[in-house]
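Undergrad: From the sequence below, what's the structure:
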Amino acid sequence: QVQLVESGGGLVQPGGSLRLSCTASGFTLNSKTTGWFRQAPGKEREGVSSISSSDGSTLYADSVKGRFTISRDNDKNMVFLQMNNLKPEDTAVYYCARGLSSWYVSVDEEDFDSWGQGTQVTVSS
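TA: Below is the predicted model:
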């Protein structure tokens, strides 16, 4: 059974940092592209970033480019999202997701087939 689990969310002040982690069971994360998505209250889920398993290619949404960094540790079967200079508008539930491809990077939901339960990130003073 495929399962993804996110961790690392919390409450942080504007300008602060958090690092989210994604672990998986039922498959190895380094066999597929992994993506991060988020959903703020009253808004649709949006893609944040993704990383391929084939060559480590990455993709970022314009809203987080330069502030967020996605990475993977194949030995630990984990994917991370380092979030710096956080803003109140980054407040959302963050989800990791398994991609359909091993090489294609995307932030479109249609390119992913399994999702975690999410971790809450709140940016507030």
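Undergrad: residue ranges of the strands in this protein, please?
TA: 3-7, 10-12, 18-25, 34-39, 46-51, 58-60, 68-73, 78-83, 92-99, 112-115, 119-123 (DSSP state E).
Undergrad: Determine which of these approaches Ser106 most closely.
TA: Proximity to Ser106, assessed across the strands of the chain by C-beta to C-beta, is greatest for strand 46-51 (5.8 Å). Placement of C-beta: from N, CA and C, glycine included.
Undergrad: Can you list the strands that the closest one pairs with?
TA: The pairing partners recorded for strand 46-51 under DSSP bridges are strand 34-39 (antiparallel), strand 58-60 (antiparallel).
Undergrad: Just name the most buried of those.
TA: Stretch with highest mean neighbour count among the strands paired with strand 46-51: strand 34-39 (a mean of 24; mean count of other C-beta atoms under 10 Å).
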